[in-house]
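J.: What would the 3D arrangement of this be:
(2 chains)
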Amino acid sequence: MNASEQLSAHSSLALIESMINKAQNRYSENGTLYLIWGWLILVCAAIHYGLLAFTNIGPNAGYIWMLTIVALIYQAYYLSVKEKKETVKTYTDEMIGHVWMVFGICMGLASFILLKLGTWQLLYACILLFYGIPTFLTGAIMRFNPLKMGGIICWALAVASVFVPSKEIILLLIPAVIAAWIIPGYILRAKYKQSING
Amino acid sequence: MFKELDPILHSQLRLAVMSLLISVKEAEFTFIREKTNASAGNLSVQVQKLKDAGYIEVVKQFKDNYPQTTCKITPEGIQAFEEYVKALQQYLKV
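T.: Just a heads-up that it's a prediction; the model follows:
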């Protein structure tokens, strides 16, 4: 690109448009964290239900969720490496980061409050409700419909959870994470690979 | 009466840099170079001109022992860019 090249009004506008598109069409999200969390929650929910339904472990089955701590540690490492590699910071990425941070804080606080004051069935209904919020908002910010759809499915499952008896409510987490994180995660991964290859 | 186009912005590479920076929070020199396909030398000169005009902020630091230059548009840069686009629209009667 030549700095001294003369511009007409038309070519100036075309250049502005093309540069703004280049900045915005950058696909920085490769879906890794969606896939890690999606598969982890799916496996934990399946094992938790399996332990409750087919063994005598009882409430100790809930310790399977300690696996999320491993995912949190990996996430912190992954994000620090990603930040070092990033050559650009966008307002979109920053906004999405804040959305998920708020979700993490609210999930932690809600889990603590509901385990003290409520029932664990209510906790699972709230988890489904909360899953939908950052998922839908991220979809709206990224203009990525699979995430928006995933968020809506989580809310529908939160409503459905009222009608699901006892421990089977845990199984609702499985379709929730498939719709909200696993499917969008694979689509994001495919789009990211496509954007790298050309 | 047509408004005069800002000569600092009315240059292909400087306008490209400003259009990129208006869309993001901040960008490294390498990102701008990749998107504009400019040579490092030419881009450095134009970035310096934008910095001298107060349109962008340039931070030079070291990241993992490598020099890193980060550019960010300033409020004056945003205003100048908006006025430039308005002037263009006036020319084109958009």
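J.: how about the helices of chain A, start to end?
T.: Using DSSP state H, the helices of chain A run over A:9-24, A:32-54, A:67-85, A:91-117, A:120-142, A:145-160, A:173-177, A:183-197.
J.: which of those helices is buried the deepest?
T.: helix A:173-177 (a mean of 22; mean count of other C-beta atoms under 10 Å in any protein chain shown). Just so you know, the C-beta spots here come from the backbone N, C-alpha and C atoms, and that holds for glycine as well.
J.: Which strands or helices does that helix pack on?
T.: helix A:32-54, helix A:120-142, helix A:145-160 (3 or more C-beta pairs under 8 Å, 6 or more residues apart in numbering or on different chains; DSSP states H and E).
J.: Nearest to chain B among the ones you listed would be which one?
T.: Closest of these to chain B is helix A:120-142, at 14.1 Å (criterion: C-beta to the nearest C-beta).
J.: Now look at stretch A:18-32 and say if it contacts chain B.
T.: Yes - contact between stretch A:18-32 and chain B, assessed by C-beta under 8 Å from any C-beta of the partner chain, occurs at A:18, A:19, A:20, A:22, A:23, A:24.
J.: Sort out which one of those lies nearest residue B:5 for me.
T.: residue A:19 (17.1 Å; C-beta to C-beta).
J.: check contacts around the closest one.
T.: B:15, B:16, B:19, B:20, B:23, B:35, B:36 (C-beta atoms under 8 Å, 6 or more residues apart in numbering or on different chains).
J.: circling back: let me have the helices and strands packed on helix A:173-177 in TSV, extended by mean pLDDT and distance to residue B:9.
T.: What follows is the helices and strands packed on helix A:173-177, written out as TSV (pLDDT from 0 to 100; distance: least, C-beta to C-beta, whole Å):
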stretch	mean pLDDT	distance to residue B:9
helix A:32-54	94	39
helix A:120-142	92	29
helix A:145-160	96	36
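J.: And those: which comes nearest residue B:48?
T.: Using C-beta to C-beta, the nearest of those to residue B:48 is helix A:120-142, at 34.3 Å.
J.: is that closest one up against chain B anywhere?
T.: No - on the criterion C-beta under 8 Å from any C-beta, helix A:120-142 is out of touch with chain B, staying 14.1 Å away.
J.: so what does that helix touch, helix or strand wise?
T.: Using 3+ C-beta pairs under 8 Å, 6+ apart, helix A:120-142 sits against helix A:91-117, helix A:145-160, helix A:173-177.
J.: With adjacent residues omitted, what lies nearest to the residue positioned nearest the centre of chain A?
T.: Nearest to the geometric centre of chain A sits residue A:34, at 4.9 Å (C-alpha atoms, centre = their mean). Spatially, and ignoring its direct neighbours in sequence, residue A:34 is nearest to residue A:185 (3.3 Å; C-beta to C-beta, 6 or more residues apart in numbering or on different chains).
J.: gap between the one you found and residue B:60?
T.: 37 Å (C-beta to C-beta, to the nearest Å).
J.: Kindly report the same for residue B:67.
T.: 7 Å.
J.: same deal with residue A:174?
T.: Distance from residue A:174 to residue B:60, by C-beta to C-beta: 50 Å.
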